[in-house]
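K.L.:
Show me the folded form of this:
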Amino acid sequence: MRNTATCTQTITVDDTISPTITCPANASAVVNVPADYTATATDNCPGTPVFSYSVVDTAAPDAFVFVDLTGGSYRITLTADTTCTITVTATDPCGNATPCQQIVSLNDVTPPVITCPGPVAVECPGRCSGPNTSLVTATDDVSTPTVTFVSDSPSGTCPTVITRTYRRRTRWGTPRRALRRSRWTTRLRHDRVPGPVAVQCTADIPAPDVVLVTATDNCGVPTVTHVGDASDGLTCPETITRTYQATDTCGNTATCTQTITVSDTVAPQITCPVAMRCSASAAFRHRTSGQCRRRTTAARPRGWVSDVSNGLTCPETITRTYEVMDGCGNTATCTQTITVDDTIAPQITCPGAIAVQCLSDVPAANVSLVTATDNCGVPIVTFAGDVSNGLTCPETITRTYLAMDACGTSGPARRRSR
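P.N.:
This next block holds a predicted model:
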């Protein structure tokens, strides 16, 4: 029988050696383009280390997208200007771990593209719309830019050009401006024009009155002035064109015209002499007055027109007509009644008294010894008769002569004889 003896040996298997890991080289990324990288690791013991990752975005947090592709491979996409530190850790089954780092950076040097609204033409500054960033289009190859209004800068007058500035900025910088220009001008109009006016005489033409003109402007209150009056040079009627003008602050003008017609349609006033009675021809006077006192329409008397008799005598009635005409041909007439009626007896002068001795010595009647006159011609003298007083020694005889005019008006004359 063999004798035996045993002993034991303790073998401890404890992997305390960390894996060896190699990270990809640092890299500069392209905007929004995914990049794949692979880290490699080896271990002193059989088996494949397990990879883990951590990413620190130092410039702009959350500006990356990381995808684990397993086996040490990963994909990273940078979305903005940033620097990412990627820590890759290889851990063996015993928990030994070795890290390495890769730095991936993105420097966006391409500015965003911004498009402002097109030029706008308005008529007044107050009608310019306010800034509106929604009208601005901005794009960037990395991120969506933010658009802000910067300022309005006006320059010049009539027109005034307003330069409106917008700025767009990406999330991580790179600003750019866009300009929009607005021009404004004014539009003028007149809303009320004085209506046509008709007057009789030049003196009746109303003075220019800008208060009668209503003018409006889209950008304020215009100034109204009287430009002038222009006559057509005619008369009866004469047409005068009155022009007003409205001017706004930019010198834009609008004119309107008012028509004034001067036409004398009123006849002159005429006053004839009062009716008169006469026994012979009478001079006449007349008074006339024109309705207008002006060079072209003053009344021009035409004077006597006619005398028309009624054909009778004692009395005879004569209708005398006068007429006046003004410068526009308006006429007025009046009549005067003249009554020719001789009511005045003739004047007669008989021969003087005579004395005779005997009745036989009394001379015969003799009209040639009688003197007679009349206001309207030569009267006819006739012997009317002798009348004795019937006495004797002495006897007185009254001899009567009679003078008669054409109207039968008579004047007796008496002569006494003894």
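
K.L.:
What is the neighbour count of residue 227?
P.N.:
As a burial measure, residue 227 scores 14 neighbours (other C-beta atoms under 10 Å). The way it works is simple: take the backbone N, C-alpha and C, and place the C-beta from them, glycine included.

K.L.:
Use 8 as the first number from now on
P.N.:
Happy to do that; since the first residue is 8 now, the last one works out to residue 234.

K.L.:
Wasn't it part of a strand?
P.N.:
Yes - according to DSSP: H, G, I helix; E, B strand; the rest coil, residue 234 belongs to a strand.

K.L.:
list the contacts for the closest residue to it other than its chain neighbours?
P.N.:
Closest residue to residue 234 apart from its sequence neighbours, by C-beta to C-beta, 6 or more residues apart in numbering: residue 250 at 4.0 Å. With contact taken as C-beta atoms under 8 Å, 6 or more residues apart in numbering, residue 250 is in contact with 233-237, 262-265.

K.L.:
could you redo the last one with a cut-off of 10 Å?
P.N.:
Residues near residue 250 by C-beta atoms under 10 Å, 6 or more residues apart in numbering: 215, 232-237, 262-265.

K.L.:
Residue 48 against residue 99, yeah?
P.N.:
Yes - using C-beta atoms under 10 Å, residue 48 is in contact with residue 99, at 8.6 Å.

K.L.:
May I see the ChimeraX selection of the buried members of the contacts of residue 250?
P.N.:
Here is the ChimeraX command that selects the buried residues among the contacts of residue 250 (16 or more other C-beta atoms under 10 Å):
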select :215,263,265
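
K.L.:
So which of the contacts of residue 250 is the closest to residue 154?
P.N.:
Of all those, residue 154 sits closest to residue 262, with 47.2 Å by C-beta to C-beta.

K.L.:
The closest one contacts residue 229, doesn't it?
P.N.:
No - Residue 262 lies out of contact with residue 229 (C-beta under 10 Å); the separation is 11.7 Å.

K.L.:
Tally up the residues packed near the closest residue to residue 403 other than its chain neighbours, please.
P.N.:
Closest residue in space to residue 403, ignoring its immediate chain neighbours: residue 396 at 4.5 Å, by C-beta to C-beta, 6+ apart. Neighbours of residue 396 under the rule other C-beta under 10 Å: 12.

K.L.:
can you check the one 10 residues further on too?
P.N.:
Neighbour count for residue 406, taken as other C-beta under 10 Å: 23.

K.L.:
Now list whatever residues contact both of residue 48 and residue 99.
P.N.:
Joint contacts of residue 48 and residue 99 (C-beta under 10 Å, 6+ apart) are 25-26, 55-57, 105.

K.L.:
circling back to that earlier point, would you point out the most distant pair within the contacts of residue 250?
P.N.:
Largest pairwise distance in the contacts of residue 250, by C-beta to C-beta, is 15.6 Å, between 232 and 237.

K.L.:
Let's see the PyMOL selection covering just the buried ones among the shared contacts of residue 48 and residue 99.
P.N.:
Buried members of those, defined by 16+ other C-beta under 10 Å, are picked up in PyMOL with:
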select buried, resi 25+26+56+57+105
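
K.L.:
Kindly indicate which of the shared contacts of residue 48 and residue 99 lies nearest residue 344.
P.N.:
The closest of the shared contacts of residue 48 and residue 99 to residue 344 turns out to be residue 57 (C-beta to C-beta; 150.1 Å).

K.L.:
Look up the closest residue to the closest one, ignoring the ones flanking it.
P.N.:
Residue nearest to residue 57 in three dimensions, not counting chain neighbours: residue 98, with 5.0 Å by C-beta to C-beta, 6+ apart.

K.L.:
Model confidence for the one you found, exactly?
P.N.:
We have a pLDDT of 93 for residue 98.

K.L.:
Could you count how many residues lie near it?
P.N.:
Taking other C-beta under 10 Å as the definition, residue 98 ends up with a neighbour count of 19.

K.L.:
I'd say it and residue 79 touch.
P.N.:
No - using C-beta under 10 Å, residue 98 is not in contact with residue 79, being 11.8 Å away.

K.L.:
what do these two both touch?
P.N.:
28, 48, 56-58.

K.L.:
Would you format these as TSV with secondary structure and pLDDT included?
P.N.:
Below are the shared contacts of residue 98 and residue 79 laid out as TSV (DSSP: H, G, I helix; E, B strand; the rest coil; pLDDT from 0 to 100):
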residue	secondary structure	pLDDT
28	strand	93
48	strand	91
56	coil	91
57	strand	91
58	strand	94
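
K.L.:
For the residues you listed, work out which two are farthest apart.
P.N.:
Pairwise distances across these (C-beta to C-beta) peak at 11.4 Å, for the pair 28 and 57.
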